[in-house]
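Undergrad: what follows is a predicted structure for the sequence shown.
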Amino acid sequence: MNSFRAGFWRLADPKISLASFAGMFLGACAAARDGDLSWGWLLLTVLGIFSIEIAKNASGEIVDFDSGADQAVLPEDRSPFSGGKRVLVDRLLTRGQTIAISTSAYTAGIVIGLVIAVYREPHVIWFGVAGVALAFFYHMPPFKLSYRGFGELAVGVAYGPVITGGTYLVQRQTVTLEVVLLSVVLGLLIAAFLWINEFPDYQADLRAGRENWVVKLGRPKAARWFVGINVSATILLLVLPLFGVVPGARLGALFVVPAAAACAILLRHAETTQRIIPAQAMTLLAFLVYALGAGIGILW
């Protein structure tokens, strides 16, 4: 039982789930600026998205174990932010338990989404379908997005427009251009978090045939692209007021501080996992700072 609890806790992984909560926070702040929040529906939204998060992690464990990606991560390349949840490698869960958790969590998330669609907002079904599809096919065949160079795009879309826009839609029964633009910045920053998390797994992913963009580009070149992603997010945020986004959203630009630190570290130490770990933490902090700053800024 202790092993099962430890395995389930790894699949829930609060560090990684912060990406989902960042999108929901930003969407909720935008909705609160435009009217009163329905806390019950917000709670259901959180539960539904969190269920899909757990389901994705569990189904991904099966695929990554079968491909050999998780087993191929060397001890010196272990990181708190990458390398998979390792519930099968470390024998915290059996294959059957992992499949059962994934199936149950997908079912719970889908049922919650259907309840919201039937009793609150029918159009949320499209956000739900997109979210579940991106989560499931991120690892699973026939698409295996993360193995074919589409994982970074899938993460940016899912954790940006899908989660942020879906959260706003449940509250306000519409989605505004402002929310979409704010969510694109968040999507870029969360994609950057995935991007840097692929560096420690480079050798393992290469051997397992997982052709993400760090594998495709090689680590030194991919480090420069990481800088480009962060610069793109910064430029987009600064020009958002030209598209009608309230200037207060620029408070989210505080993310530049940890993002710049992460860029500097990664450019110097792209090949050494233990030197990259602080940059991974800084990248996580960057998207949290953006969501918190932009969310508070649009409420002012």
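TA: Thanks, I have the structure now.
Undergrad: surely Q71 forms part of a helix?
TA: No. Using DSSP: H, G, I helix; E, B strand; the rest coil, the secondary structure at Q71 is coil, not a helix.
Undergrad: show me the contacts for it.
TA: F65, V89 (CB atoms under 8 Å, 6 or more residues apart in numbering). In this view, the C-beta of every residue, glycine as well, is placed from N, C-alpha and C.
Undergrad: please report phi then psi for it.
TA: phi -70, psi -20 (degrees, to the nearest 10).
Undergrad: distance of it from R33?
TA: Relative to R33, Q71 is positioned 48 Å away (CB to CB, to the nearest Å).
Undergrad: what do you get for Q274?
TA: 43 Å.
Undergrad: try A58
TA: Taken as CB to CB, the span from A58 to R33 is 36 Å.
Undergrad: next: I101.
TA: Taken as CB to CB, the span from I101 to R33 is 37 Å.
Undergrad: neighbour count for these two, which is higher?
TA: Per other CB atoms under 10 Å, whichever of I101 and R33 has more neighbours is I101, with 23 against 15.
Undergrad: what residues of the strand or helix carrying that one count as buried?
TA: Secondary structure assignment for I101, by DSSP states H and E: helix 95-119. Buried residues in helix 95-119, counting neighbours by 16 or more other CB atoms under 10 Å, are found at 97-98, 101-102, 105-106, 108-110, 112-113, 116-117.
Undergrad: now swap in stretch 290-300 and tell me
TA: Y290, A291, L292, G293, A294, G295, G297, I298.
Undergrad: secondary structure class for the fifth one?
TA: Per three-state DSSP, the secondary structure class of A294 is helix.
Undergrad: G23 is in contact with that one, correct?
TA: No. When contacts are counted by CB atoms under 8 Å, A294 is not listed as touching G23 (11.4 Å).
Undergrad: shared neighbours of the two, which are they?
TA: L186.
Undergrad: what's the mean pLDDT across stretch 186-193?
TA: On average, the pLDDT along stretch 186-193 is 98.
Undergrad: can you dump the C-alpha coordinates of that stretch into CSV?
TA: What follows is stretch 186-193, C-alpha atoms only, in CSV (Å, rounded to 0.1, in the frame of the first residue of the first chain):
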residue,chain,number,x,y,z
LEU,A,186,1.9,31.1,-21.1
GLY,A,187,2.0,28.3,-23.6
LEU,A,188,5.4,29.4,-24.9
LEU,A,189,6.8,29.5,-21.4
ILE,A,190,5.5,26.1,-20.5
ALA,A,191,6.8,24.7,-23.8
ALA,A,192,10.2,26.1,-22.8
PHE,A,193,9.9,24.2,-19.5
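Undergrad: for that stretch, what is the distance to the chain centroid?
TA: Mean C-alpha position of stretch 186-193 versus that of the full chain (CA atoms, centre = their mean, to the nearest Å) differs by 7 Å.
Undergrad: cool, stretch 270-284 as well?
TA: 17 Å.
Undergrad: and if you look at stretch 43-60?
TA: The answer for stretch 43-60 is 12 Å, by CA atoms, centre = their mean.
Undergrad: how about residues contacting it?
TA: 11-13, 16-17, 20-21, 24, 84-85, 98-99, 101-106, 108-109, 112-113, 115-116, 128, 131-132, 135-136, 138-140, 146, 163, 166-167, 170.
Undergrad: next, the buried residues of it.
TA: 44-46, 48-60.
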